[in-house]
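Visitor: the sequence and its predicted three-dimensional model are supplied below.
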Amino acid sequence: MLRLEETSGRTYEERMADALSAIPLITDEWTNYNPSDPGITILENLILFETLQGSRITMVSDEARRALLKMVGFEARKGKCARLLLTADKLPGKTHIYNNQRFLIGNMVFETRRSQDIGDCHLIGIRSFYDGEYHDHGHLLDREIVLPAKVFGDDPKVGDAILFFCDSLPEPGSETSFFIQINSGFHRNALKNRSENIFASFKWECYTSDGFQEIKAKDFTGALLESGEIKLKLPKEIQYAEYSQGDLSGFCIRATLVTANYDVRPTILSVDAFLFEVWQKETRALALTYQQTEKIRVHSPMKGESYVLCFCREGKGESYRRYELSTYTDRRGRYCLYEKGKTKGDFTLTFDKKLFGYEPSKVKDAVRIAIYNEEVMRQYHVGYVVGYDDQEIELPFSHIVPDSFLLIAKRTDENGEEYFDFVRPGKKDDDALTYHLLENDGKIVIEDAGDYIGAELYIGSISITEGPKGNIRAGNYLVAPDINDAPLFYNPGPGTGGTFREKIEDVRTRFQEDVYTSYTCITAKDYEQAAATAPGLCIRKIKAVMDELDNTVHIAVLPGTDEKFPRLSKQYIDTISNILSERRLITTRFQISPPVYVKVSVKLTVYVKRQFSNSREQIEERIKMLLNYIDGDKNFGDPLTFEEVFAGIENLDCVDYVYELFMQPENLKHALLRDGNIYPAENCLLYPGQIMLETMITSIAVK
């Protein structure tokens with residue numbers, strides 16, 4: 001076995017010196033050690049090869065690292081464009097937006113991914129039904145008013161409902177999104193499936209001529225427990241009808257509770273409806289495909305200075321030929337008639353064999369149009385295919401959106417005529433140009449040149465993203481420069497999902513963290529960590545205690561609910577039990593204990609300084625803070641010592657000294673009093689009870 005110092009640790013000079021000193025030990029006939037000797041020349045080459053091999057033998061390439069990490073289930077996470085939801089409620093009526101329509105905030109560009117109509121539907125009212133009555137929540141539509149609304153009161157029940165009234169509804173069969181802002185003061189663990197609702201669920205319906213009809217919904221709010229999106233899929237072949245409730249009338253979407261085991265009562269801050277999606281990316285070059293072979297109308301998303309190239313197939317399965325744009329019809333050759341449209345950037349291309357002598361054939365993807373902005377057009381030629389393995393070609397842009405990238409490969413046939421192919425990354429057909437894209441670095445690596453050796457490569461399509469910068473906060477207003485007289489577009493929720501492709505170093509770090517993460521619960525800390533991260537739960541405090549004699553782990557849990565004294569519901573116990581059952585040792589039992597609360601009364605006499613007028617309020621506030629285990633830093637079972645309470649009071653600026661102090665738990669079953677200290681049980685939390693405070697002003701001695 002080679003040692004490391006024998007391979008990569010020695011220089012060429014050291015190796016050469018060792019070889020020369022070994023020659024006399026092997027033969028006495030070799031006496032010329034000068035560089036001019038052919039034997040020395042051969043030896044130098046062999047030593048140099050050995051040195052290079054030695055430096056490579058311990059080198060692990062990124063490809064090898066990726067392959068090794070993939071074997072253990074870790075792959076680089078793909079880069080994604082940030083997604084944003086925008087409102088169109090300020091539009092006066094229906095407006096059509098195209099694919100790649102731009103929306104700007106500062107210099108950051110967001111774009112659509114499909115053509116659609118927006119601005120034709122608006123919310124006009126919100127009402128909820130609970131306790132046998134309807135309640136108006138129209139203020140939730142006003143962004144200037146932030147007034148929380150408990151839409152199901154203090155005790156949500158099955159059958160309670162919330163109704164959204166609209167002036168119109170989207171076309172049957174289409175999708176739309178709501179975004180609901182929730183007032184939540186507790187951290188909730190993320191769910192593996194964001195659309196899973198473990199505490200409550202809704203039945204979503206829209207009102208039709210046949211009454212309320214169910215619609216499909218993906219609820220990412222946990223049934224109004226967290227801020228998020230609700231995606232609605234409206235049924236096909238229905239006829240909407242208006243619905244009235246009191247003085248409010250309009251088209252109606254209703255959400256009715258079918259399960260209601262809430263740990264936190266839903267409180268809504270705002271509702272935005274009929275949102276549309278945009279993604280953070282900026283298209284610099286775009287390749288469009290058309291099946292028409294006579295006349296095509298092109299809508300260009302690049303409204304500034306843009307350049308157009310046209311490519312056509314003249315036979316099934318053939319490569320593309322370049323067609324020049326012409327504003328005249330008296331030319332012969334591969335031309336198409338170019339006519340500008342009424343909107344800036346839009347144009348029409350007409351193909352006519354009688355006029356020009358050539359036209360595309362009626363085949364799949366007959367016509368390809370490449371549109372470039374000026375920046376890309378100046379540097380769209382990226383290089384030549386040489387043919388050696390793993391040829392790298394640097395691109396003029398970095399942080400590329402992988403799905404948007406496309407190369408145009410130009411070759412020449414036996415007659416000297418140019419023909420073109422559009423090649424995406426990862427294509428692995430026989431004789432194809434196979435390459436992969438390093439989108440962060442702005443490079444391509446050609447794995448197999450196939451039949452493309454000598455081909456020239458051009459950018460055919462490219463979009464750039466800013467990755468995590470696109471995850472902008474909620475509450476911004478975006479402009480649409482390409483829509484005439486368009487108002488501002490509001491984003492009720494933050495941008496999500498924006499990220500660059502994960503680097504190999506980050507994948508390796510993630511793997512190392514996973515190796516050192518405990519999945520089997522052995523220690524008390526392991527049980528606490530597993531229970532505290534149970535999906536979908538709000539956990540405020542948790543403590544695990546090992547009973548070695550009984551081989552049982554006792555786990556006390558304080559849920560994060562809006563109750564004054566939170567109870568541990570069956571839903572919490574079952575969810576935590578399922579997690580711990582998967583991770584516990586087979587011989588170890590566990591028991592989940594609900595919290596018990598013990599009131600502590602305090603009697604004390606304090607001498608205070610004369611210049612403080614609010615001494616009593618300060619002292620009482622400090623006592624409540626020290627005794628409040630529910631909201632404070634103290635955990636289950638932590639002792640409350642006489643010294644810490646005494647010092648906490650005496651350290652107040654208004655206090656001269658504490659004359660006497662007595663503490664007494666009101667339930668000795670769960671909390672013991674010993675030597676002036678209180679020792680709660682392992683599932684007990686203390687809270688302040690009666691405070692009997694006598695204050696006396698310190699007398700000032702006069703000499």
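Guide: Now that the structure is in, tell me what you want to look at.

Visitor: CA only for contacts and neighbour counts going forward, please
Guide: Will do.

Visitor: contact partners for residue 372?
Guide: For residue 372, the contact set (Cα atoms under 8 Å, 6 or more residues apart in numbering) comprises 284-286, 302, 306-308.

Visitor: nearest residue to it in space, please, no chain neighbours.
Guide: Spatial nearest neighbour of residue 372, chain neighbours left out: residue 285 (4.4 Å); criterion: Cα to Cα, 6 or more residues apart in numbering.

Visitor: now do the contacts for residue 568.
Guide: Contacts of residue 568 (Cα under 8 Å, 6+ apart): 557-559, 594-595.

Visitor: between those, which sits nearest residue 357?
Guide: Comparing the contacts of residue 568 against residue 357 with Cα to Cα places residue 559 closest, at 78.2 Å.

Visitor: how near is that closest one to residue 688?
Guide: Relative to residue 688, residue 559 is positioned 20 Å away (Cα to Cα, to the nearest Å).

Visitor: these two: which is more packed in?
Guide: The neighbour count for residue 559 versus residue 688, taken as other Cα atoms under 10 Å, is higher for residue 559 (25 against 19).

Visitor: surely the more buried one and residue 538 touch.
Guide: Yes - Residue 559 lies in contact with residue 538 (Cα atoms under 8 Å); the separation is 5.7 Å.

Visitor: tell me which element the residue nearest to residue 372 is part of?
Guide: Element membership for residue 285 (DSSP states H and E) is strand 282-290.

Visitor: buried stuff in whatever helix or strand comes next after that strand?
Guide: Using DSSP H and E, the next helix or strand after strand 282-290 towards the C-terminus is strand 295-298. By neighbour count with 16 or more other Cα atoms under 10 Å, strand 295-298 contains the buried residues residue 298.

Visitor: now stretch 601-615
Guide: 601-602, 604-609, 615.

Visitor: which pLDDT does the model give the most centrally placed residue in the chain?
Guide: Taking Cα atoms, centre = their mean, the centroid of the chain lies closest to residue 497, which sits 2.9 Å from it. We have a pLDDT of 94 for residue 497.

Visitor: average pLDDT for the longest helix along the chain?
Guide: Scanning the chain for the helix with the most residues, using DSSP state H, yields helix 38-57. Taken as a whole, helix 38-57 has a mean pLDDT of 81.

Visitor: what's the offset of it from the middle of its chain?
Guide: 52 Å (Cα atoms, centre = their mean, to the nearest Å).

Visitor: right, and the helix or strand after that helix?
Guide: Going down the chain from helix 38-57, the next helix or strand is helix 62-71, by DSSP H and E.

Visitor: now do that following helix: which elements does it pack against?
Guide: helix 504-515 (3 or more Cα pairs under 8 Å, 6 or more residues apart in numbering; DSSP states H and E).

Visitor: any chance you could list what contacts the helix it packs on?
Guide: Under the criterion Cα under 8 Å, 6+ apart, residues 62, 65-66, 69, 74-76 lie in contact with helix 504-515.

Visitor: buried residues in it?
Guide: So for helix 504-515, counting by 16+ other Cα under 10 Å, buried means 504, 507-508, 511.

Visitor: same check on stretch 29-44?
Guide: Buried, per 16+ other Cα under 10 Å, within stretch 29-44: 40, 43-44.

Visitor: that stretch: how far from the chain's middle?
Guide: In terms of Cα atoms, centre = their mean, the centre of stretch 29-44 is found 65 Å from the chain centre.

Visitor: ok, and what's touching that stretch?
Guide: 16, 20, 23-24.

Visitor: picking up where we left off before, which of the buried residues of helix 504-515 lies closest to residue 439?
Guide: Using Cα to Cα, these come closest to residue 439 at residue 504, 13.5 Å.

Visitor: quick one: the nearest residue to residue 595 once chain neighbours are set aside from residue 273, how far?
Guide: Counting by Cα to Cα, 6+ apart, residue 683 is the residue found nearest to residue 595 once chain neighbours are left out, at 5.3 Å. Remark: distance between residue 683 and residue 273 (Cα to Cα) = 45 Å.

Visitor: can you list the low-confidence ranges for this structure?
Guide: 1-9, 55-61, 699-703 (pLDDT under 70).

Visitor: count of neighbours near residue 130?
Guide: 19.

Visitor: mind listing what it touches?
Guide: With Cα under 8 Å, 6+ apart, residue 130 has these contacts: 152-153, 156-157, 159-161.

Visitor: pick out the most distant pair among these.
Guide: Spatially, the most separated pair among those is 153 and 159, at 13.0 Å (Cα to Cα).

Visitor: and residue 501, how many neighbours?
Guide: Neighbours of residue 501 using other Cα under 10 Å come to 19.

Visitor: what sits against the residue nearest to it when sequence neighbours are not counted?
Guide: Excluding its sequence neighbours, the residue lying closest to residue 501 (Cα to Cα, 6+ apart) is residue 79, at 3.8 Å. Counting by Cα under 8 Å, 6+ apart, residue 79 touches 401, 467, 498-502.

Visitor: out of those, who's nearest residue 290?
Guide: Distances from residue 290 to the contacts of residue 79, taken as Cα to Cα, are shortest for residue 401 (22.6 Å).

Visitor: verify the contact between the closest one and residue 465 for me.
Guide: Yes - counting by Cα under 8 Å, residue 401 touches residue 465, with 6.2 Å between them.

Visitor: spit out the residues that contact the two alike.
Guide: Joint contacts of residue 401 and residue 465 (Cα under 8 Å, 6+ apart) are 81, 281.

Visitor: those two: which has the busier surroundings?
Guide: Set side by side, residue 401 and residue 465 show more neighbours around residue 465, with 28 against 24, by other Cα under 10 Å.

Visitor: quick one: the strands in the stretch 101-250 of the chain?
Guide: 102-105, 108-111, 116-118, 123-130, 133-136, 161-166, 175-182, 200-208, 211-214, 216-219, 228-233, 242-245, 248-260 (DSSP state E, counting those that start in this stretch).

Visitor: quick one: those as CSV, columns for distance to residue 445 too.
Guide: Output for the strands of the stretch 101-250 of the chain, formatted as CSV (distance: least, Cα to Cα, whole Å):
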stretch, distance to residue 445
strand 102-105, 31
strand 108-111, 28
strand 116-118, 37
strand 123-130, 51
strand 133-136, 61
strand 161-166, 53
strand 175-182, 40
strand 200-208, 49
strand 211-214, 51
strand 216-219, 40
strand 228-233, 39
strand 242-245, 59
strand 248-260, 52
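
Visitor: just so I know, which of the ones you listed lies nearest residue 425?
Guide: So among the strands of the stretch 101-250 of the chain, strand 108-111 is nearest, using Cα to Cα, at 22.6 Å.

Visitor: what helices and strands are in contact with the closest one?
Guide: Strand 108-111 packs on strand 102-105, strand 268-280, strand 282-290, going by 3+ Cα pairs under 8 Å, 6+ apart.

Visitor: contacts for that strand next, please.
Guide: With Cα under 8 Å, 6+ apart as the criterion, strand 108-111 contacts 99-104, 278-282, 470.

Visitor: hmm, 10 Å instead?
Guide: For strand 108-111, contacts defined as Cα atoms under 10 Å, 6 or more residues apart in numbering pick out 81-84, 98-104, 277-283, 301, 464-466, 469-470, 478-480.

Visitor: whichever of those residues end up buried, select them in PyMOL.
Guide: A single PyMOL command selects the buried members of those (16+ other Cα under 10 Å):
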select buried, resi 81+82+83+84+98+100+101+102+103+104+277+278+279+280+281+282+283+301+464+465+466+470+478+479+480
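
Visitor: all helices of the stretch 501-650 of the chain, in order?
Guide: Counting by DSSP state H, counting those that start in this stretch, the segments of the stretch 501-650 of the chain that form helices are 504-515, 524-532, 570-583, 615-627, 642-650.

Visitor: got the buried residues for the fourth one?
Guide: Read it as helix 615-627. Result for helix 615-627 [16+ other Cα under 10 Å]: buried residues 615-616, 618-620, 622-627.

Visitor: which one of those residues is nearest residue 356?
Guide: residue 625 (88.6 Å).
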